[in-house]
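Trainee: missing the sequence, but the structure's below:
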């Protein structure tokens, strides 16, 4: 059992991890893919105090190096779902499960809109983690809609167990896919079903008969990540201590609301981690 | 008329200034003495993301250089009092007055306790700005209690107009004072008066007959700086946008509450400045 699980590897998560390390707390840090944070795309950043005219890539490297030099371990896994078990939390990270006494959510802000049918068929053919649910679709036909390169790995994995895999990227780089996978550069319209389960995915060009649709998002919608968390304008509602509405859950950075600023994320990561430390102490005492 | 006045030159104020500069707003930045921030004393700082094992002095230099390179002008003046004029604010900075449409308070946290009699006789012989009120005590006897070297300048100034100047430092370095000033390394007990005005200052060694007592603090108590600001546990009460209880006033960093962390201060400075920008835009219509 860890003291804390940090979900999300951007500036907020890194700042939280750094401070938990200094405070000597045990934690698992599910950073997800290194390339996801939008920050990497910024050619020049001038408004994080201490660095003038640094590129996003350089700044992220700096941040990660700092954390790693301090002994922080950044896992590439991503959290798909968190269950509140009362006295602790159970985190589903695809291939692994983790347990922690408190949670720091630092997943960034959700850019994408829901796809038509996504909410309705979630758990009825729609999923966010192919590694988790893929085996349910052995010898079936599935589609993957992916916002980033992570989806390629999932597609390659599913191509070994499913009869048909369609891959629809919403990003620009050329995907690296196994030959059996059908790459479709089409616009997704809607996920369709009979009310109980998915039967097709409509694009602007065709209707694909599929049994499941996996959506690989940069940021998993918060209300899919953990149930019952109070939101405010689509962001996680937090107080000045970065405590969210569920006891033991803290949030920081873009997922906790505007403005979407590095300095805010780093500052909030620090506050969230210290609040988590206090929470753990109060719980013990 | 400036868009914004920033009060306090630590990490929060610098971060606010940096962002206002980038947003092309006009502002006056009253940084006060360079040496005041407690940060300067830290031998090693590891928890501001991006800098590992940096000294406080180095980090502050880095922060200031960044702001200055971006074109930020840091004034050494200190704000003593802010008046809410309805549509704008008037700031008394000792020798100068400034006007601004909004205020960002970043004065750090108050470490000192009030001296006995300080509150009671404020404006009745007790003051925080010798430059402002000194001339009222021509040919009178006054005492200066000072938390830092700034007080020496005030004492030297007053020694030219007052008949007697006592200087009581609460810091350790040897003060650089004119010969006529009486340096007392004593412990202040209480400011005494007849209910209407100060007549003496009691130390652990003696009772000084004085007409005024000036207290030079690292941080001017918030409720002396601006009237009517709502506090919470001794800090300025702010919402998630760093807006304080008076319209157009924002606060950030240690003066806005715990934890006292550089990252929090920098993040909040960024948020406060963007909130001030939005406030100005809404005001304009």
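Mentor: Now that the structure is in, tell me what you want to look at. No experiment lies behind these values; they were computed from the predicted model shown.

Trainee: Break chain A down into its domains, please.
Mentor: Domain assignment for chain A by automatic domain parsing gives A:2-111+A:221-284, A:126-216.

Trainee: and the last one, average pLDDT?
Mentor: Okay, so that is domain A:126-216. Mean pLDDT, computed over domain A:126-216, is 94.

Trainee: about what we covered before: between the domains of chain A, which one is closest to chain B.
Mentor: Proximity to chain B, assessed across these by CB to the nearest CB, is greatest for domain A:2-111+A:221-284 (2.1 Å). To be clear about C-beta, it is placed using only N, CA and C from the backbone, and glycine gets the same treatment.

Trainee: distance between the ends of that closest one?
Mentor: Taking CA to CA, to the nearest Å, domain A:2-111+A:221-284 runs 14 Å from one end to the other.

Trainee: Tell me the gap between it and the middle of its chain.
Mentor: Centroid separation between domain A:2-111+A:221-284 and its chain, computed with CA atoms, centre = their mean, to the nearest Å, is 10 Å.

Trainee: same thing with stretch A:145-153?
Mentor: For stretch A:145-153, the distance to the chain centre is 13 Å (CA atoms, centre = their mean).

Trainee: quick one on the thing from earlier: go through the domains of chain A and pick out the most buried.
Mentor: Neighbour counts (mean count of other CB atoms under 10 Å in any protein chain shown) averaged over each of the domains of chain A peak at domain A:2-111+A:221-284, with a mean of 21.

Trainee: Could you tell me the end-to-end distance of stretch A:144-163?
Mentor: One end of stretch A:144-163 to the other measures 14 Å (CA to CA).

Trainee: can you list the residues of chain A near chain B?
Mentor: Contact residues (CB under 8 Å from any CB of the partner chain) of chain A with chain B: A:11, A:14-15, A:18-19, A:22, A:46-52, A:59, A:62-63, A:66-67, A:69-70, A:238, A:240, A:257, A:259, A:261, A:263-271, A:274.

Trainee: Adding distance to residue B:117, write the domains of chain A out as a markdown table.
Mentor: Listed next are those as a markdown table, based on distance: least, CB to CB, whole Å:
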| stretch | distance to residue B:117 |
| --- | --- |
| domain A:2-111+A:221-284 | 34 |
| domain A:126-216 | 65 |
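
Trainee: Out of those, which gets nearest to residue B:214?
Mentor: domain A:2-111+A:221-284 (33.5 Å; CB to CB).

Trainee: got the residue ranges for the helices in the stretch 1-150 of chain A?
Mentor: A:11-22, A:56-69, A:130-133, A:150-158 (DSSP state H, counting those that start in this stretch).

Trainee: Including distance to residue A:251, could those helices go into TSV?
Mentor: TSV is the format used below for these (distance: least, CB to CB, whole Å):
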stretch	distance to residue A:251
helix A:11-22	9
helix A:56-69	19
helix A:130-133	23
helix A:150-158	22
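
Trainee: Tell me which of those lies nearest to residue B:174.
Mentor: Closest among the helices of the stretch 1-150 of chain A, using CB to CB: helix A:11-22, at 36.3 Å.

Trainee: ok, residues contacting the closest one?
Mentor: A:3-4, A:6-7, A:27, A:29, A:31, A:37, A:39, A:60, A:63-64, A:66-67, A:70-72, A:74, A:104, A:106, A:252-255, A:262, A:265-270, A:272-274, A:276-277, B:46-47, B:49, B:263 (CB atoms under 8 Å, 6 or more residues apart in numbering or on different chains).

Trainee: Let's see that with 6 Å instead.
Mentor: A:4, A:6, A:27, A:29, A:63, A:67, A:70-72, A:104, A:106, A:252-253, A:262, A:265-266, A:268-270, A:272-273, B:47, B:49, B:263 (CB atoms under 6 Å, 6 or more residues apart in numbering or on different chains).

Trainee: chain center to stretch A:278-285, what's the gap?
Mentor: In terms of CA atoms, centre = their mean, the centre of stretch A:278-285 is set 28 Å apart from its chain centre.

Trainee: same check, this time on stretch A:170-187
Mentor: 21 Å.

Trainee: what's the span of that stretch from first residue to last?
Mentor: By CA to CA, the extent of stretch A:170-187 from end to end equals 8 Å.

Trainee: What of stretch A:216-234?
Mentor: Span of stretch A:216-234 from end to end, CA to CA: 20 Å.

Trainee: next one: phi and psi at the closest residue to residue A:103 other than its chain neighbours?
Mentor: Closest residue to residue A:103 apart from its sequence neighbours, by CB to CB, 6 or more residues apart in numbering or on different chains: residue A:249 at 4.8 Å. As for residue A:249, its main-chain torsions (degrees, to the nearest 10) stand at phi -110, psi 130.

Trainee: do the same with the one 5 residues further on
Mentor: As for residue A:254, its main-chain torsions (degrees, to the nearest 10) stand at phi -60, psi -30.

Trainee: Need the pLDDT of it.
Mentor: 95.

Trainee: Quick check: closest non-adjacent residue to it.
Mentor: Nearest one to residue A:254, counting by CB to CB, 6+ apart, is residue A:109 at 3.8 Å.

Trainee: do residue A:87 as well
Mentor: residue A:101 (7.7 Å).

Trainee: The one you found contacts residue A:86, correct?
Mentor: No - shown here, residue A:101 and residue A:86 do not form a contact pair, counting by CB atoms under 6 Å, at 11.2 Å.

Trainee: Mean confidence (pLDDT) on the lengthiest helix in chain A, please.
Mentor: Counting residues, the longest helix found in chain A (DSSP state H) is helix A:262-284. For helix A:262-284, the mean pLDDT works out to 97.

Trainee: And it, what does it pack against?
Mentor: helix A:11-22, strand A:96-105, strand A:249-251, helix B:262-284 (3 or more CB pairs under 6 Å, 6 or more residues apart in numbering or on different chains; DSSP states H and E).

Trainee: Would you format these as TSV with distance to residue A:172 included?
Mentor: Below are the helices and strands packed on helix A:262-284 laid out as TSV (distance: least, CB to CB, whole Å):
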stretch	distance to residue A:172
helix A:11-22	24
strand A:96-105	29
strand A:249-251	30
helix B:262-284	30
